[in-house]
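Peer 1: predicted model, plus sequence, below.
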Amino acid sequence: MTGAASGFFTSVLQPPDLRRRAHEAIRAVLAPALAPLFGEARIVLASVVARSPGSDRQDLPLHQDWSFVDEARARSISVWVPLQDVSSGNGCMQVVPRSHLHDQPLRAIGSGFRYAGIEDVLRRDHLVDVPLAAGDALVFDHRLIHGSHANASPDIRMAVGAVLLPRDEPLHLGIGRGQDAVFADRTDAFLLEADLAAIARGR
């Protein structure tokens, strides 16, 4: 999750009061729809994700989301729902299929992209567009390499997302960079109360 790319907005990196309001409003809508699919999995963070209009905007860099659980024993997922039809012209998601199956270290908040040195190769040979209709959902493992197209349309591309964890699996987050990252179990409230933007910047 990043807020550094041109024309990209996520409520995840906004001040805690705004982040909490977005989380509560979106969770209230998504939770009943997701319950039949994911049972008692809990939504620990729901958010708004938007791309500004304009062909001068850049594609969102490829990345992997933070680790939300101890991935040696559990999995966590995101559900991404566009609020309008999305295609390569207005910022649909792009994924590297099966990239979540490779062994890899946990990813702390603000950690760099492990595969940055081969991003050009990933884009050229492996990246797949995921066009969706409004209200459809893309469900993906947080280890999956993904990004999104620039939004070349005249309208804001809006989506909502949710992070789901198994019912009894503790939130497990890392803070710090590289070898200095410290991973620990944390309460779910941490995601709504901490200054995630500052942590992502390494402060």
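Peer 2: Perfect, I can see it now. Source: prediction; values computed, not measured. Numbers count the residues shown, from 1 in each chain.
Peer 1: neighbours around residue 122, how many?
Peer 2: Other residues near residue 122 number 18, with proximity taken as other CB atoms under 10 Å. Bear in mind the C-beta positions are built from the backbone N, C-alpha and C, glycine included.
Peer 1: hang on, it in a helix?
Peer 2: Yes. Residue 122 sits within a helix when classified using DSSP: H, G, I helix; E, B strand; the rest coil.
Peer 1: from residue 146, how far out is it?
Peer 2: Distance from residue 122 to residue 146, counting by CB to CB, to the nearest Å: 10 Å.
Peer 1: repeat for residue 116
Peer 2: Using CB to CB, residue 116 is found at 14 Å from residue 146.
Peer 1: neighbour count: the two, which is higher?
Peer 2: Neighbour count, other CB under 10 Å: between residue 116 and residue 146, residue 146 has more, with 23 against 12.
Peer 1: which residues touch the more buried one?
Peer 2: Residue 146 makes contact with 62-64, 93-96, 140 under the criterion CB atoms under 8 Å, 6 or more residues apart in numbering.
Peer 1: could I get the buried residue list for the longest helix belonging to the chain?
Peer 2: Looking across the chain with DSSP state H, the single longest helix is helix 16-38. By neighbour count on 16 or more other CB atoms under 10 Å, the buried set for helix 16-38 is 19-20, 22-23, 26-27, 30-31, 34, 38.
Peer 1: next one: stretch 88-95
Peer 2: Residues 90-95 are the ones in stretch 88-95 that count as buried (16+ other CB under 10 Å).
Peer 1: please identify which of those residues is nearest to residue 75.
Peer 2: Nearest to residue 75 out of those is residue 95 (CB to CB; 16.3 Å).
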